[in-house]
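Colleague: Predicted model and sequence below, questions to follow.
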Amino acid sequence: MLRLEGVEIAYGDAPALFDVSVHVDRGELVAIVGPNGAGKTTLVNAIARLLPFRKGSMHFQGTDVTKISPQAMGAHGIAVIPEGRRLFTQMTVEENLDMGCYRRNSRAFRDQSLAEVYALFPILRERRHQISGTMSGGQQQMVAIARALMSRPEVLLIDEPSLGLAPIMVSQVFEIIQKIHRGGMSILLIEQNVNKSLDVAERAYVLDCGRLIAEGAPSELRSRPEIAGAYLGHASP
Amino acid sequence: MVKNLTLAGMPRMARTRASYIFGVGLFAALAVFGSLPFFQPPAFVESFLYLIFFWIALATSWTILSGFSGYVSFGHGTFYGIGIYSVARLSEHMPLTAAILLAGILSAVVAIVIGAIVFRIQHLRGELFALLTLASTFILSTIVLNTPIDGGPGVSLLVSVPSLFGSQMSTLYLMGMSVALLSVAVAYSVQYSSLGRGLFAVADDESVAEAQGIPTFAYKLAAFAISAFLAGVAGGIHALFISYVTVGETFSITVPLYVLLMSVLGGTRHWAGPCIGATLIASATYLFVSGDYALVTKIAIGATLVVATLVMPGGIMGVVSRFRRINVDQTTAVAGEGKPISQPPGVGPAGASPESVLLKCEGISLAFSGLRALSQVSFEVRENEILGLVGPNGSGKSTLINVISGFYRPDEGHVFLEGRDVAYIGGHRVARAGIARTYQIPRPFARLSVRENVELAAMFGAAASNPQRAADEADYWLAFVGLADRADALPSEINLHQRKFLELARALATQPRLIMLDEVLAGLTPPEVSKAIDMVRRIRDTGTSIIFVEHNMRAVMELSDRLIVINQGKKIADGPPRQVMNQDDVVSAYLGVPHVAA
Amino acid sequence: MNANLLAQSALSGLFSGGLYALLGLGLSLSWRFLRIINLSHFAMIFLAAYLTYQCTAIWKINPYLVPLFLIPLFFVVAALQQLAIIRFGIDEFGSIVATFGVTIVVEALLQLIWSADFLRLETDHLKGSMVLGSLLVPWADAFMFMCAVTTCVGAWGLLRFTYIGKALRANVENPAIASIFGVQSRRLSLLVAGSAGGLAAFGGVFIALLFALTPSQMYSWFGVIFATVIMGGLGSPLGVLVAGLLVGVSESFAMALVAPSWAPIVPFTLMVSLLTLRPGRI
């Protein structure tokens, strides 16, 4: 469904990603894990088309989307939930959700989408007139996810949903991601929290120093020493 | 808005020679213009030149604060007005020179009072400063209008100006000339003094300037006072020139807007800019004073202003300096090569015992609008130690650095540098006490050259060198980080990896006791990383302690003598690197708490 | 001072406050949503006022029709100016200088065409006053006040409830994220600039209706309008309305209770105290 092939990204003359090939099939939940500074955010920005590819291509449902603008991503059905949530903090919850269905084709389904999203996050219905910036981190993450769902995407790209959240909230957010996935959504999850990601993912990649160093089923990856090495700077703990 | 104008626009070797030339030029101007009345020219010549001098003085004085520091004042009319009314009211009671001087002093005092209030406002944005100063003009004009200072009908000056060379106009002309040349001389010396350099840094990035040890508040206040003093004196002389003053004329929008216009046209970041701008615009205005000509001139001025903003954002001097800098680059590129690296005076391995504590943080807590960013963090940094500071994203590392560097004040806790609590003394004092930092995303002063960026740090940091020595030290540190051949480039002209090393050179040039490196390795290629790691070791060898914040765990393990780990704003581990990274809670902080099943 | 006089001065304060809000609204919107401090807003207002004079007094066009073509015309002109500002990438400070240049040019042109003499628009429409109890209410002022309130409330509603309004607010907070959701900031910025131009035209019509015109008079509005805009909170139409009324009424009281010449100090003292005590509001 979403397929990146041989992608190389550089900031000016400093390369940040080397030969990265990733794919997500329909209905799949794929995780990309790696320590900070491994190039995860670069990869997300590349998929969101905020960074130009130096090499490589990206296809979505068979169409070449290597060169489209970030604005066009949503129109193609790819929704990005950015790192740090990036809500419109001075606007209410419902106004944020409205921004999710700003595009004309998703505007038509606004009421239906809103009902679905509120069913998924009952707390947001209660708080729909609250200014989103005044909510807790976990609730803000819910708004961010809900906002992305409002555009009725085909695939969801979630960047570091656990960032800055208390452990209990992290668990909740991961449960929600799993729930959305069970509803049939294809999801690409980019996370530094290895254990949680591997718990929910069907397949995972490990990214370190701008390269994919491992790929496979979570159960298989868990036992691989590369992960601990990448994260903790030494061989297996 | 000036894009390509470096401080001097010339290499520092030429600096002494340049100030000599400036001095000669100033005396030449004094001699030429000063001898004019001797030839008894027609009065209109003198009055025309007087008006040009008057505008040069006003525009130049405005530029000293607003051009150099970037704080645009719309309130220059306030200080000009204080000058006008001081002389109008005081000249009967005291000698003229005393009244004019007093006019300047009164203006400066008012500026200090206004500045002390508005510069205290946290995160004062430029446009708020502009509006506050504009408001001050309106308030002052209302007060003058409604009190016996004026009262409504205007004030006629009864005092008569003494005649020199047989004409009062000559006297006024000479006074105007004096204040104009004085303003230009002041602007020149401010530009090349540490005050000027500090102001230029403020214009580019005020919080970095503060972190580099520049007392930004005091500098802005000083520039404001100097600017107001000169405007007050110019206003005082102008009161004599017009001899009948009214509130409507004095406090009209003309003065604040014309000085801005002149300065922007000429170039706001160079002493000569307002001089050129004022000469052009004032000439155009006073040459065509009658009827439709005046209107056409006005249209031309307006159009020039629009076009100048669009295509020449640095003003005339911006264009000149850019042109000169290109030429300079070509000449010094050869001269700079192969220079031996010599130790700057005062730098060398410190003789401190390695076990003594340099920095001690005690129970630091900080919350942002209820969110706890740091809670009860305590740790020590020893002399000559590399302390690794790690933790997952958003764990509070950057906040901690901001607290230690004095950018944030903690809610509780203390930061002791060699026993002295530096947690609440303000950023520039922390820098002067010997704590330097780099920024994760390099934040060089964009309109200063690479060398000037480092010079500034040497001038204001713990070393606080004079400009001449700072230049030598800048060269030393640029060579140390391998940027000597890019010294005359602008930060935008070097690549990310070089900008990171510029950050390092800048921090080192303050000759700190402790340097905090915030993710210097991020975004570097593997060969660059190993170069940087080697550099960090060499920094330690100069006797500096290091707090090393980094995501690249291999580099951290390789470099750190000791490691502390922060998670959720709390310190969760402290000790030898290998031991710390095997601790269960550290592992789970990084990899996440495994589910029960796992 | 009797109660009737006080009430009358409160009323006239409300009226001038409504005008402040109407004139300040466009400035406030373009400052907040475009990051442009558009000094030429004042020039546009006076240009519109002179055009209204020309149309009504000389060409005898019904004054109610004048806004119908002036507003679209000014919409286009302001949008074109915004296009130039985007094209040259002018920042906030640059915008002050460049738009001041435009202001000077327009002022000189007005003087070339209509001279510096005071012009007073005489029209049979909206003449005289109605009597409400003991209060005298001039028709023209009342009509202007109604329009000002309607405009501000309308602008508030548009910002609050429409997709375009939400997109504007989202875009000013985080343009990158807003663009991901399909917000086209360039198109929006032309819309905002154009609307501000339209508001200038609308305000100009009332300036022509209520005041004698001379080009240099445009500068005398700078201070009080900026004070209103700042106090109202940028980009907040209801805030601008309330601030305008507050300024108008307090000025009017200062005139009645102290002396007319003290009035200008009121808005600025209010503004300065607000800025120094609560700078975060803007």
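Modeller: Noted; the coordinates are in hand.
Colleague: Residue numbers of chain A in contact with chain B?
Modeller: Applying CB under 8 Å from any CB of the partner chain, one finds that chain A approaches chain B through A:11-16, A:35-37, A:137, A:160, A:162-164, A:166-167, A:170, A:192-199, A:209, A:222, A:227-228, A:230-234, A:237. Glycine gets a C-beta too; all of them are placed from N, C-alpha and C.
Colleague: For stretch B:365-375, buried residues please.
Modeller: B:S365, B:L366, B:A373, B:L374, B:S375 (16 or more other CB atoms under 10 Å in any protein chain shown).
Colleague: Show only the entries of the residues of chain A next to chain B found in strands.
Modeller: Mapping those onto strands (DSSP state E) picks out A:Y11, A:A14, A:P15, A:A16.
Colleague: Present the buried residues of stretch B:365-375 as TSV; the columns should include distance to B:E503 and secondary structure.
Modeller: TSV is the format used below for these (distance: CB to CB, whole Å; DSSP: H, G, I helix; E, B strand; the rest coil):
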residue	distance to B:E503	secondary structure
B:S365	29	strand
B:L366	24	strand
B:A373	24	strand
B:L374	24	strand
B:S375	29	strand
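Colleague: pLDDT below threshold where in chain B?
Modeller: By pLDDT under 70, the low-scoring segments of chain B are B:1-15, B:122-125, B:291, B:325-355, B:369-370, B:463-464, B:592-598.
Colleague: distance between the longest helix seen in chain A and the chain's centre?
Modeller: Selection of the longest helix in chain A by residue count, based on DSSP state H, yields helix A:167-182. Mean C-alpha position of helix A:167-182 versus that of the full chain (CA atoms, centre = their mean, to the nearest Å) differs by 13 Å.
Colleague: So which bits of it are buried?
Modeller: Quick answer for helix A:167-182 (16+ other CB under 10 Å): A:M169, A:V170, A:S171, A:Q172, A:V173, A:F174, A:I176, A:I177, A:I180, A:H181.
Colleague: For the fourth one, give me its contacts.
Modeller: Neighbour list for A:Q172: A:G138 [criterion: CB atoms under 8 Å, 6 or more residues apart in numbering or on different chains].
Colleague: Can you tell me, leaving aside adjacent residues, what's nearest to residue 200?
Modeller: I went with chain A, as the question did not name one. Nearest residue to A:V200 in three dimensions, chain neighbours excluded: A:Q178, at 5.0 Å (CB to CB, 6 or more residues apart in numbering or on different chains).
Colleague: other chain: chain C
Modeller: C:M44 (3.7 Å).
Colleague: any idea how far the one you found is from B:V155?
Modeller: 37 Å (CB to CB, to the nearest Å).
Colleague: ok, the two, which is more surrounded?
Modeller: The neighbour comparison of C:M44 against B:V155 (other CB atoms under 10 Å in any protein chain shown) goes to C:M44, with 28 against 21.
Colleague: right, and the helix or strand after the helix or strand containing that one?
Modeller: Taking DSSP states H and E as the criterion, C:M44 maps to helix C:40-53. Downstream of helix C:40-53, the next assigned helix or strand under DSSP H and E is helix C:66-88.
Colleague: buried stuff in that next one?
Modeller: C:66-67, C:70-71, C:74-75, C:77-79, C:81-82, C:85-86.
Colleague: Out of the residues you listed, the closest to chain A would be?
Modeller: When these are compared for distance to chain A (CB to the nearest CB), C:I86 wins out at 16.9 Å.
Colleague: Thought A:L43 was touching A:M58, still the case?
Modeller: No. The pair A:M58 / A:L43 is not scored as a contact, 11.1 Å apart, by CB atoms under 8 Å.
Colleague: Neighbour count: those two, which is higher?
Modeller: Shown here are A:M58 and A:L43; by other CB under 10 Å, A:L43 has more neighbours (28 against 21).
Colleague: element containing the more buried one, please.
Modeller: According to DSSP H and E, A:L43 maps onto helix A:40-47.
Colleague: any idea of the mean pLDDT for the helix or strand following that helix?
Modeller: Next helix or strand after helix A:40-47 toward the C-terminus (DSSP H and E): strand A:55-60. Mean per-residue pLDDT for strand A:55-60: 90.
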